[in-house]
Each structure stands twice: as structure tokens, then as C-alpha cells.
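**Q** turn this into a structure:
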Amino acid sequence: MPPVRDAAASGGSYPPPVHEAAAAAETAYLPPVRDAAAPGGPYPPPVQGAAAAAETAYLPPVREAAVADTAYLPPVRGGAGAPDGWYREEAPAAAGTAGAAPGAESWAEATAYLPPQAAADSVEAAEQPGASAGQPGGPQAPGEEPAYSPPTLGGNTMRAVDPAQARAEGLSPIIDPGPQSALLTAALGLLLAAAAPFGDLALLVPLVALQGLTAAGWFRLNGMWPARQGIALAFLGALVADAAVLAVDAVHGPGAIIGTLGVWVLLTLVLQLRSAADPDERMYGLMASVASAALAIMCAGFLAAGSAAVSVGAVAVAVAVFVRALPLPPAPSVAVSLAAAAGSGVAVGALTSIGAGGALLGLAAGVCALIGLRVAAYDYPSKFVHMTAGVALPLAAAAPAVYLLGRVVG
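**A** Okay, here's the model as predicted:
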């Protein structure tokens, strides 16, 4: 670059001053801002804010009518508004006092999601005799698990509680069939015992009724209803087993029953594999169908057993179930039922060719009957379950014991 000459150093005059405004205007990136007010003059007139905002706004102005059109909730009118302090933490406690705002109750009722609950409900629940925290039907303490009654030993022998009510109150899931089912079981057992000496054809009449009740009751006990196909299949298997036992000699009776059972298990499996239901539902239906068919077919053991064994076993089941339905404590009730079954076996055995061996046969039949009775009492059963499974399962469970011990003691 050429050297800068300093005029002042040579005694000459200073260079003329640079006009800063002109230089700034030449080198500025943005155009200059013109000031309408001259130096020392009056201020410019104020800018109209509303007009300037309307000209430079990104969105159109919001009109008051549009607010009402786009609101999520209807406007709150003067008389129905929320009272003062309603949204504060102390407002619920103060709302029930005498100094509450006059529109508070109507406002709460108008905006409530659930219907109002009367305070008398909580007062009556608190005043119930014997109701305490941790007991069924009583108020539960915060964070406390609901208490349940003893589950299996006692049950509800007299059937004083409805199954739905017992489930809602958390009571025991065991509800014994009760006296009505016991009377029906005793009547059916006595029919079997009375028909056995008259031959197989006479025994077939109460036996078919027993098999039908067994097939229907097991499905209803498992919560599967109407299940017409499964009930019909199990009942048909029972009829086929009866026909097979009657068609062969008495020695081959167990083979006929087991063969029929095997064929029916295979047939049930094929039918369930063709079902279009979910895999879990198909497995559940398969288990229920196989169990129902097995129980109904096992009842044919009364046909395969001797007439004396059938009479002793059927009477023992009838006596055991009837005594179990009496209002006795749980453990003594079981002991008395088994003792009565053994005693009835001795009494009926003395009238037949069984003799004293009827005590063992009656005791075994009584044990099987109580097991079947307990199965029919499980998982909040309905009265329909008690009138089907509760009647049939004690006799159906005793059929194999009647045949096996009848061969031993007979």
C-alpha cells in the first residue's frame, strides 16, 4: 500500500473531517431509519396500537363470539358457579358446614359423574352388629386385605347363603348341596338297591337317570352351559357302555367299560381338534368332555357288579349323604357319616350273601360318596349344580368301589 502522508507533520493544515452520517449510510446493511421528528422539534404522533397489531399479526383477531362457539364446556352461569374456595384443599371440609355457599350443592350435583350416595349407608354399615375391620361384610381398614372364612372344612351345609352373595362377601367357596340334594341322592340310591335283585333290565332304569344327571352336572359344575354336544356325547358313551356290559359275560364287564371309555376319549379328542375355538378353550372343553364321559361311563360298574354288592353300596351311599346333610360340626359329621355307611353295609349285607363284609363295602362306598359330594360343593355352585352334580356324583364315584370290593367280599 502507498505510504500515508501526514499533512500535519509537514506543517500543513489538517485534512477535512469525514462526515460520519454519510459514511454510515454508505456502509449500512439495512436502509436508514427516517426520524420524522426534527432535532429539537416535537415528538411524532403516537402509532395506533390496534391498527398496527392488526396489520402485523400472524393470526386473525379473535372475536368474542368465536370463544363461545369453540368452548369445550358450556359457560358457567352466575347462580350455578363454583363457590368461593371450592378448588382449595380445605373446601371439601368446609362445604358441609353451615357457612357453605348456597349454590355449592346444586353445582356439585350438576357436574357429578356418579349419583350421590346417602350418608346413611355408611352409618348403617358402621352400626351393624359384629361388623369390624378384617371380617367379611365389615368395613375394611385402608390397605388391609379382605378377610375370608375358613375355606374347605366347614362349607355351608344348610345352604343359607346365595352363591352370588357368598362370592361378593368373600365367604368360603364350598357350599354343600344340602338336604334337598341329599334326599334325591338317597332316593336314587334306594331305587338302585331295590332294583338290583330284579335283574339288569330293572337296574337299567335308575342307572340311566344317574348317568344323565352325571353328564349334565359335570359340565354345569365347570361353568360350561348349555354344552349340548358334550352332554349328548357323554350320555351316549354311557349308553354304549351299558349295552356293552349287557352284551358280554359278567367276567368281561370291566373290559367292556374300559374299552368304551377308550373309544370315547379318542372320539372326544377328534371332535375337539376340529373345533375352531381358541387353543385354551379347546383344551378346557376337552378336559371337561373327557371327565364327564368317564364319570358317566363308570356308572356302568353297577351293571357289572353283583346284585348284592349293588344293594349294599347304594344303601351305604344314601345313608352317608343323608347323614352328612344334617346340621352337625364338620369333623363329627364326616365321622358319623362314615360310621352310618359302615353300619348300613352290615345291616344290608346280613340280608344278602355279602354278610359281614358289607361293613368294608359300605365304608368304602361312604368314603367315595363324601368325595363326590365335596367335588359338587366346590367353587360357589348354583342350585342347579346341586340338583344335578350334587345328586349324581356321590353315586358315580362309588360305582368302581362297589364293583371291586363286591368281587372281594362277595
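**Q** list the contacts of I371.
**A** Contacts for I371 (CB atoms under 8 Å, 6 or more residues apart in numbering) come out as A397. All C-beta atoms are positioned from the backbone trio N, CA, C, and that covers glycine.
**Q** quick one: secondary structure of it?
**A** Look at I371: counting by DSSP: H, G, I helix; E, B strand; the rest coil, its state is helix.
**Q** could you do the one 4 residues further on as well?
**A** For V375, the reduced secondary structure class is helix; criterion used: three-state DSSP.
**Q** tally of neighbours for it?
**A** The tally of other residues near V375 (other CB atoms under 10 Å) stands at 18.
**Q** offset the numbering so it begins at 5, please.
**A** Done: numbering now begins at 5, and the last item shifts to V379.
**Q** what distance do you get for it to P210?
**A** Distance, V379 to P210, by CB to CB, to the nearest Å: 21 Å.
**Q** and for H390?
**A** Using CB to CB, H390 is found at 19 Å from P210.
**Q** which of the two has more neighbours?
**A** Higher neighbour count among H390 and P210: H390, with 25 against 22, using other CB under 10 Å.
**Q** please identify the buried residues of whichever helix or strand L192 is part of?
**A** Per DSSP states H and E: L192 is located in helix 183-199. Neighbour-count burial for helix 183-199 flags S185, A186, L188, T189, A190, L192, G193, L194, L195, L196, A197, A199 (criterion: 16 or more other CB atoms under 10 Å).
**Q** just stretch 345-361 next, same as before
**A** Neighbour-count burial for stretch 345-361, counted by 16+ other CB under 10 Å, picks out A345, A346, G347, S348, G349, V350, A351, V352, G353, T356, I358, G361.
**Q** ok, and what's touching it?
**A** The contact list for stretch 345-361 (CB under 8 Å, 6+ apart) reads 197, 311-313, 315-317, 319-324, 362-367, 369-371, 373, 410, 412-414.
**Q** same thing but 7 Å
**A** 312-313, 315-316, 319-320, 323-324, 362-363, 365-367, 369-370, 413-414 (CB atoms under 7 Å, 6 or more residues apart in numbering).
**Q** how about stretch 274-285?
**A** Stretch 274-285 has contacts (CB under 7 Å, 6+ apart) with R286, G289, L290, S293.
**Q** state the number of residues packed around the first one.
**A** As a burial measure, the neighbour count of R286 was computed by other CB under 10 Å and equals 16.
**Q** same question for the last one.
**A** Burial of S293, expressed as a neighbour count using other CB under 10 Å, amounts to 28.
**Q** now do the SS call for it.
**A** Assigned state for S293: helix (three-state reduction, three-state DSSP).
**Q** residues in contact with it?
**A** By CB under 7 Å, 6+ apart, the residues touching S293 are G234, L237, A238, T272, Q276.
**Q** what sits closest to the fourth one if chain neighbours are left out?
**A** Nearest residue to T272, sequence neighbours excluded (CB to CB, 6 or more residues apart in numbering): S293, at 4.6 Å.
**Q** just the helices from the stretch 255-404 of the chain, written as ranges.
**A** Remark: helices assigned in the stretch 255-404 of the chain by DSSP state H, counting those that start in this stretch are 257-277, 283-302, 305-308, 311-328, 334-355, 362-380, 387-413.
**Q** among these, which is nearest P167?
**A** Nearest of the helices of the stretch 255-404 of the chain to P167, taken as CB to CB: helix 387-413 at 8.2 Å.
**Q** and of the helices of the stretch 255-404 of the chain, who's closest to E173?
**A** If you check each of the helices of the stretch 255-404 of the chain against E173 by CB to CB, helix 387-413 wins as the nearest, at 18.1 Å.
**Q** buried stuff in the closest one?
**A** Within helix 387-413, the residues scored as buried using 16+ other CB under 10 Å are 387, 389-410, 413.
**Q** for that helix, name the packing helices and strands.
**A** For helix 387-413, the elements it packs on are helix 183-199, helix 204-225, helix 283-302, helix 305-308, helix 311-328, helix 362-380, judged by 3 or more CB pairs under 7 Å, 6 or more residues apart in numbering; DSSP states H and E.
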